[in-house]
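Peer 1: sequence first, then the predicted structure:
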Amino acid sequence: MEHYRYSLSINAATDRGDFVVMFCGEADVVGGHYIGPAVHDYFLLHVVTAGEGTFETLGQKYRLKKGDAFLIFPDILVKYEASRETPWTYMWIGFSGEQTEKALGRIGITPERAALRGLSPSKMRELFGSIRDCLDNGATPELGSMAASGCLRLVLHEMGVAALAGNAPENGVTGIDGRDGEPMIMSHQPSEGGRPMNRPLPEDAIPGRQQQIDQAIRMLSYQYGQHISIGEIARKLGYHRAHLTKLFKETTGLSPMQYLNKIRMKKAEKLLAGDLTIAQVAASVGFNDPLFFTKQFRKWRGVSPTEFRKSL
């Protein structure tokens, strides 16, 4: 178990543009839970609402607590870990946009200055709650996405004010000794990247069922770098795991786990063309164990990740 509590809302629209919210969630994690070293292909903002943890990026290590935030930039290696004694609770937003990084830089938020202090947890909870309400209950997915983007801008405004005030973590930054996108388009092909329903629709209501399967696909496509539970996805959509698997396979030809593995392997192929270590590639696509990743990749490609990299 890595989370005591985990909750997630997914954007059901297929918007393009800047500051498009992909998903928003919150969790209480167990002590010592960590992600990375890994890279993401989207922006990922975390706001700490309780407890403590660390965030490492670009040779710096930040010790963070309630009221602090950190922003992960695309394609930059990061690691973050909950305190073993007082693990953090945090909220997060994943978002995308071609001009987003430039806009963030203009308000003082850069890869070199990606951790901030001085945010109001209550204000952040209000704004994050509004984003999730937009995603879950928008009049249409497109209108919900538009409203969520507006709320995200208010979140980033609060961060910009903190950056302007010089609220970088103090005495919590230490050197590390060397140890350690385009928005996705809905597709039934895992190489590409609906709206949550309160209860399942009858199987003969094809548009509603299709929307549920699209939502499951979106969850897998956005969260492939995390440790995903198919059971959690099924519960969110109002299905038993076995029933969701049956409907998913009828629609895509693959089980949810097979589909997820295909997403992960295709992403791993792209990352192996770069400079990340095998362990870092594994962590970036949701495998904490590099040996297990190697085993799965060999099943996928017939060669090890190292052999595949040499063939490029």
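Peer 2: Sure thing, it's come through. Residues are numbered from 1 along each chain as shown.

Peer 1: in which helix or strand does the closest residue to residue 124 other than its chain neighbours reside?
Peer 2: Spatial nearest neighbour of residue 124, excluding adjacent residues (C-beta to C-beta, 6 or more residues apart in numbering): residue 47 at 4.8 Å. In short, each C-beta sits where N, CA and C put it, glycine included. If you go by DSSP states H and E, residue 47 is part of strand 43-50.

Peer 1: and what of residue 36?
Peer 2: Per DSSP H and E: strand 34-38 holds residue 36.

Peer 1: output the strand or helix carrying residue 54 as CSV, nothing but the C-alphas.
Peer 2: Here residue 54, judged by DSSP H and E, is contained in strand 52-57. Extracted C-alpha coordinates of strand 52-57, given in CSV (Å, rounded to 0.1, in the frame of the first residue of the first chain):
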residue,chain,number,x,y,z
GLU,A,52,6.7,16.7,5.4
GLY,A,53,8.8,15.3,2.5
THR,A,54,11.6,16.1,0.1
PHE,A,55,11.8,17.1,-3.5
GLU,A,56,15.0,16.8,-5.6
THR,A,57,15.6,18.4,-9.0
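
Peer 1: just name the shakiest helix or strand of this structure by mean pLDDT.
Peer 2: strand 173-175 (a mean of 42; mean pLDDT, DSSP states H and E).

Peer 1: residue 82: neighbouring residues, count only.
Peer 2: 25 (other C-beta atoms under 10 Å).

Peer 1: tell me what it is bridged to.
Peer 2: Applying DSSP bridges to residue 82 gives these bridge partners: residue 53.

Peer 1: how far away is residue 240 from residue 233?
Peer 2: According to C-beta to C-beta, to the nearest Å, residue 240 stands 12 Å off from residue 233.

Peer 1: neighbour count winner among the two?
Peer 2: residue 233 (22 against 12).

Peer 1: what's near enough to touch that one?
Peer 2: Each residue near residue 233 by C-beta atoms under 8 Å, 6 or more residues apart in numbering is listed here: 216, 219-220, 244, 256.

Peer 1: selecting buried members of those in ChimeraX, what would you type?
Peer 2: The buried subset of those, as determined by 16 or more other C-beta atoms under 10 Å, is captured in ChimeraX by this line:
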select :216,219,220,244,256
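
Peer 1: which one of the contacts of residue 233 is nearest to residue 270?
Peer 2: Nearest to residue 270 out of the contacts of residue 233 is residue 220 (C-beta to C-beta; 17.0 Å).

Peer 1: elements contacting the helix or strand where the closest one lies?
Peer 2: If you go by DSSP H and E, residue 220 is part of helix 206-222. Secondary-structure packing of helix 206-222 (3 or more C-beta pairs under 8 Å, 6 or more residues apart in numbering; DSSP states H and E): strand 3-10, helix 230-237, helix 241-252, helix 256-271.
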